[in-house]
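> Just need the structure, nothing else, for what follows:
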Amino acid sequence: MGHRRSLLFALIWLVCMACARAEGPRSVSPIAMPAATSLEAGAPLADQRSVALGPVTFQVTIARTAQVFYLVDQISMWEPHYHEQYARWADEKHLVGPRERSLLETHKHLRSTSGGWGPLDQAFASTLSIREAASRAVTRGLLTQGDAEQERAVLEAFEPLLSRCLDEGQARLEGFRNLIGERALALARAFTDVQAFADTYTPLAIPLFLVSDPVEHTGGGGYNGGIVWVEVGAGALDVLTHEAIHVVLRDRGRDVAATVGACGAGLDWETLNEGLDYAISPGILHEGGGDPLGRAVDAARTRGRPATDPVVRNQRFGLALRPLVESALAHNGKLTEVLERACAVWRGVAAEAWPPARDAPLAPPLYIVGDDPYRQWLVERFAALSIAIGSFGSDLDALLAHATGHTLVIAIVGDRLPLPETYWPAQTVISLNDLRRREGETPRGVFIRRRNDGTIVYVLYGRNPDAFRQTVDEFLR
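Below is the predicted model of the structure:
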């Protein structure tokens, strides 16, 4: 008879977290003392230790070269998912002048020419010195001599600038490494349940590098190029759990891709992969009480972050997938069952949006399409907020052309469409089926979309004039 595995899963997690806090370190540590690893066989490994967490074994490493590389990588902002607190911190500390900016451009260029994630990570996620790591990268065929020397020059220039941050964070990294050992049994149980759900096998040890986060109340990490990174700051254990779930699920990448290909509807591999991960961690697995995933989505809504923002998009999908994942875990179900229904869940998520916060971006001027008196009423409401309004009288085509790159607001009251059906998909990035479905479910609401040309589109609708006025009031509140 199936048991409530997801409930046990969460209960074991919370109970063991409490036990670990009450008992302190166990007399027998699950962390093995330093040993040679597949990543850096034969290298000095004074601060690299192996820890088994059920199906996942991590080589937990504290290494100066790796930290310098990671911080430079983040400060360079070379890809869309960089953690912006590092660039802000570097600016506030006046670490980046003209010479350093030139070096960061060199780093970004090397990221591009080496194929993005992979070779640079494997070269400098190392326990060796920067110079020795560069030499080893050439010997191993990861980088050309020229590329290795360029990256060495970048990292050696930044190392003294970052040394104080690294020195001050050393004790925190060591404390977190010890915490992983204290929580190992709880983590192992949780990851074993996820592995059974995913039908995967993770036999290889995974390099895990700890990084000092110099910015209070922030944190993050990643699993790229075969390497896990955890910024030891706020919520570091939850970050570790999230990245470990990626490791457990990685062998199902082709199934994720097949689901995405069959679905279409704007779903991509990253969104489904991250959505599944968020559904489990922190959707189900997290430290402390409450619902951190739900709070994150609510906070994005309150702050007016667009639903198309990659992180918001992934978290919203994870929140929507969570009931399916919980049900599968509760009844000894499998990931395959969740994937079979993921597309239907995604279509619901993609159709939803929220009214923005008062300070959400409205790129002036605003161009308003609607029937009077509702269009004129909107013009007056926006004008009262000192927001510029673009007007082209009855020339709809001219208005739409000038709205490109700005903000287009479409007002719908009742069943009548102020925008011809033939214009609808291209102008709004919303299908009429989705619009009519939403109108049938709720008497009033807002769609928010961002077109590829940068135009922000707001569709405000109400089943009747009173409902429309309520929509506008909430929109501008």
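> ok, His83 to Gly445 distance?
Summarising the geometry, the distance separating His83 from Gly445, computed by Cβ to Cβ, to the nearest Å, is 33 Å. Glycine gets a C-beta too; all of them are placed from N, C-alpha and C.
> swap in Ala125?
From Ala125 over to Gly445 (counting by Cβ to Cβ), the distance is 47 Å.
> do Val297 as well
When distances are taken as Cβ to Cβ, Val297 and Gly445 turn out to be 17 Å apart.
> go on, Arg469?
For Arg469 relative to Gly445 (Cβ to Cβ), the value is 13 Å.
> Neighbour count: those two, which is higher?
Set side by side, Arg469 and Gly445 give different neighbour counts by other Cβ atoms under 10 Å, the larger being at Gly445 (22 against 16).
> The more buried one: what secondary structure?
Classification of Gly445 using DSSP: H, G, I helix; E, B strand; the rest coil returns strand.
> wait, doesn't it sit right on Arg438?
Yes - using Cβ atoms under 8 Å, Gly445 is in contact with Arg438, at 6.0 Å.
> Can you work out which residues contact both of those two?
Contact with both Gly445 and Arg438 is made by residues Tyr461, according to Cβ atoms under 8 Å, 6 or more residues apart in numbering.
> Next SSE downstream of the lengthiest helix in the chain?
The helix of greatest length in the chain, counted in residues with DSSP state H as the criterion, is given as helix 145-182. Scanning forward in sequence from helix 145-182, with DSSP states H and E defining helices and strands, the next element found is helix 184-198.
> Next SSE downstream of that next one?
If you walk from helix 184-198 toward the C-terminus, the next helix or strand you reach (DSSP H and E) is strand 205-212.
> average pLDDT across that next one?
Per-region confidence: strand 205-212 scores 92 on mean pLDDT.
> residues in contact with that strand?
Counting contacts by Cβ under 8 Å, 6+ apart, the residues outside strand 205-212 that touch it are 37-39, 50, 56-63, 66-67, 70-71, 125, 165-166, 168-170, 172-173, 176-177, 226-232, 240, 247.
> Now the buried members of those.
37, 39, 50, 56-63, 66-67, 70-71, 125, 165-166, 169, 173, 176-177, 226-232, 240, 247 (16 or more other Cβ atoms under 10 Å).
> Just those: which are in helices?
In helices, defined here by DSSP H, the members of the buried ones among the contacts of strand 205-212 are 66-67, 70-71, 165-166, 169, 173, 176-177, 240, 247.
> where does the stretch 201-350 of the chain have low pLDDT?
Across the stretch 201-350 of the chain, residues meeting the criterion (pLDDT under 70) sit at 202, 217, 303-304.
> need the strands for it, in chain order.
Ranges of strands within the stretch 201-350 of the chain are 205-212, 220-224, 227-232, based on DSSP state E, counting those that start in this stretch.
> for the helix or strand that Asp397 is a member of, packing partners?
In the assignment (DSSP H and E), Asp397 maps to helix 396-403. Under the contact criterion of 3 or more Cβ pairs under 8 Å, 6 or more residues apart in numbering; DSSP states H and E, the helices and strands touching helix 396-403 comprise strand 366-369, strand 389-390.
> I'd like the average pLDDT over that helix.
For helix 396-403, the per-residue pLDDT averages 86.
> and it, C-alpha only, in CSV?
This file holds the C-alpha atoms of helix 396-403, laid out as CSV (Å, rounded to 0.1, in the frame of the first residue of the first chain):
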residue,chain,number,x,y,z
LEU,A,396,-5.3,53.0,-35.2
ASP,A,397,-2.4,51.9,-37.5
ALA,A,398,-0.4,55.0,-36.7
LEU,A,399,-1.0,54.7,-33.0
LEU,A,400,0.1,51.0,-33.0
ALA,A,401,3.2,51.9,-35.0
HIS,A,402,4.2,54.7,-32.6
ALA,A,403,3.5,52.4,-29.6
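> Could you point out the helix or strand that follows it?
Under the assignment DSSP H and E, the closest C-terminal helix or strand after helix 396-403 is strand 407-413.
> what mean pLDDT does that following strand have?
Strand 407-413 comes out at a mean pLDDT of 91.
> Mind putting the helices and strands packed on helix 396-403 into CSV with distance to Asp121 and mean neighbour count?
Below are the helices and strands packed on helix 396-403 laid out as CSV (distance: least, Cβ to Cβ, whole Å; neighbours: other Cβ atoms under 10 Å):
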stretch, distance to Asp121, mean neighbour count
strand 366-369, 45, 23
strand 389-390, 47, 16
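> Would you mind listing the buried residues in stretch 252-261?
In terms of neighbour count (16+ other Cβ under 10 Å), stretch 252-261 has its buried residues at 252, 255-256, 259-260.
> Among those, which one sits closest to Asp268?
Nearest to Asp268, judged by Cβ to Cβ, of the buried residues of stretch 252-261 is Val260 at 6.1 Å.
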